[in-house]
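Engineer: I'd like to go over a predicted model; first the sequence, then the structure.
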Amino acid sequence: MADRGRVLQLSTMVPPARFGGAESVVQAFAEQLCNAGFSVDNAGLTARGAAEPGTPIPNLYWPFDGHRRGAAARVGWHAIDALTLRGRSAVERVVDDFDPQVLVTHNLRGWGLAPWVVAQQRGIPLVHVVHDYGLLCNNSTLWHNGTECGPRQTACRLRASRAVSRWPGGLLVGVSEAVLAEHRRRRFGTADPCAVVHPVAAATAVGPRLPRSTAGVPTTFGYLGRLTAEKGVGELVEAISSIDATLIVAGEGDRSEVRALRARASDQVQWWGWTEPAKLFAAIDVLVVPSLWREPFGLVVVEAARAGVPVLVADQPGLLEAVRSSGALYRSYPANDAVALRNSMSESLQSYRQEPAQKSDVDIVDLVAGRIVGAGS
């Protein structure tokens, strides 16, 4: 197959690093582009002195080691990330080595906005994949201290304004229409072409589990993902204590937050830590995705659908897009409503419904090819 062009993907972390869905999307996009005849290189960051390959992070510390730093250190980290270009020389080295015809940026936490500056300086067509709210919010979630962050959040306002001013223009690709709409609402990328690519190909391949009952009230629920406040795990742990059922929690998080969650939990909760999806799905009747924040998509919904596991989801727009794009058997409830969550967990599986899976109109191959053609015209 002829070489259709060179594509460099930059992200905070790239496979085989394991942290969240973004790394899976980077890998899936790379595979799709390679299969279509593109040459692809993925470049990510790593902790200083780490054994694995990658660019040492050009910031104060590595933020993905499970340790929560003090307020002063966090403020300094975000100031360097949002307001300086300390990653510029590292980006230039990677670009010099690979000489890409298209630059695809993903989560840029740690790189800062240097990749955009280098792309603009060198005239490289740019595609930015919007996975979350990292361009608008220091937490990447638009969620602070138990509530959605608003326009008066000073730290986030600085990050968002710098992202708007540094963005050189290009193609914005959202993992959902919901996440793109939130960026447009906050004045990012309003003049740029946009596309939605639901990243169903990035979901872990999970074969159908052994058949379980499709009727009656579920007795075993599961949660799979990061153990953070905005994910709604605390509300789920409290809800299970009011019904006659078991909850299996599979995932990792900040050590202090996990300790606090476990202290609140009843004996009905089992804590499995990081777990392969297939193992959890084989043990549960329903997967619960109780997100309090505006979850952009939800690969775990797609994985559950592939395994034939019903899902109970908060009605966040991005989660509903994940349901529709995967054809999951599901039930939804009003987000941030603890009573509705508890009541929904007591409902029969016969109340769950299913719709045909809806595919994205375009994929990353179409979009990258269009950027190369556009640059050459």
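Structural biologist: Structure received. Since the structure is predicted, the reported quantities are computational estimates derived from the model, not experimental observations.

Engineer: count of neighbours near the nearest residue to residue 133 once chain neighbours are set aside?
Structural biologist: Closest residue in space to residue 133, ignoring its immediate chain neighbours: residue 142 at 4.8 Å, by C-beta to C-beta, 6 or more residues apart in numbering. Using the backbone N, CA and C atoms, a C-beta is placed for each residue, glycine as well. Neighbours of residue 142 under the rule other C-beta atoms under 10 Å: 20.

Engineer: then the one 3 residues further on?
Structural biologist: Number of residues near residue 145 (other C-beta under 10 Å) recorded here: 6.

Engineer: roughly how far apart are it and residue 196?
Structural biologist: Residue 145 sits at a distance of 31 Å from residue 196 (criterion: C-beta to C-beta, to the nearest Å).

Engineer: can you list the weak-confidence ranges in the stretch 1-150 of the chain?
Structural biologist: Along the stretch 1-150 of the chain, segments meeting pLDDT under 70 span 1-2, 18-19, 150.

Engineer: no, scratch that, I was asking about the stretch 201-350 of the chain
Structural biologist: Looking at the stretch 201-350 of the chain by pLDDT under 70, you get 210-211, 213-214.

Engineer: show me the helices in the stretch 1-150 of the chain, by range?
Structural biologist: For the stretch 1-150 of the chain, applying DSSP state H, counting those that start in this stretch gives helices covering 21-35, 71-83, 88-98, 114-122.

Engineer: including mean neighbour count, could the ones you listed go into a markdown table?
Structural biologist: A markdown table is the format used below for the helices of the stretch 1-150 of the chain (neighbours: other C-beta atoms under 10 Å):
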| stretch | mean neighbour count |
| --- | --- |
| helix 21-35 | 20 |
| helix 71-83 | 16 |
| helix 88-98 | 16 |
| helix 114-122 | 20 |
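
Engineer: and of those, who's closest to residue 222?
Structural biologist: Evaluated over the helices of the stretch 1-150 of the chain, closeness to residue 222 peaks at helix 21-35, with 17.5 Å, by C-beta to C-beta.

Engineer: list the contacts for the residue nearest to residue 133?
Structural biologist: For residue 142, the contacting residues are 133, 136, 148, 149, 156, 182, 293, 294, by C-beta atoms under 8 Å, 6 or more residues apart in numbering.

Engineer: kindly report the same for residue 234.
Structural biologist: Residue 234 sits next to 261, 264 when contact means C-beta under 8 Å, 6+ apart.

Engineer: need the three-state assignment for it.
Structural biologist: Judged by DSSP: H, G, I helix; E, B strand; the rest coil, the three-state class of residue 234 is helix.

Engineer: one step back: drop anything exposed from the contacts of residue 142.
Structural biologist: Neighbour counting by 16 or more other C-beta atoms under 10 Å classes 133, 136, 149, 156, 182, 293, 294 among those as buried.

Engineer: for the second one, which non-adjacent residue is spatially closest?
Structural biologist: Right, the one you point to is residue 136. Using C-beta to C-beta, 6+ apart, the closest residue to residue 136 is residue 160 (4.5 Å).

Engineer: number of residues surrounding that neighbour?
Structural biologist: Count around residue 160 with other C-beta under 10 Å applied: 22.

Engineer: also residue 165?
Structural biologist: Residue 165: 8 neighbours (other C-beta under 10 Å).

Engineer: do residue 216 as well
Structural biologist: 10.

Engineer: my guess is it is in a strand, correct?
Structural biologist: No. Using three-state DSSP, the assignment for residue 216 is coil, not a strand.

Engineer: check contacts around it.
Structural biologist: By C-beta under 8 Å, 6+ apart, the contact list for residue 216 reads 348, 349.
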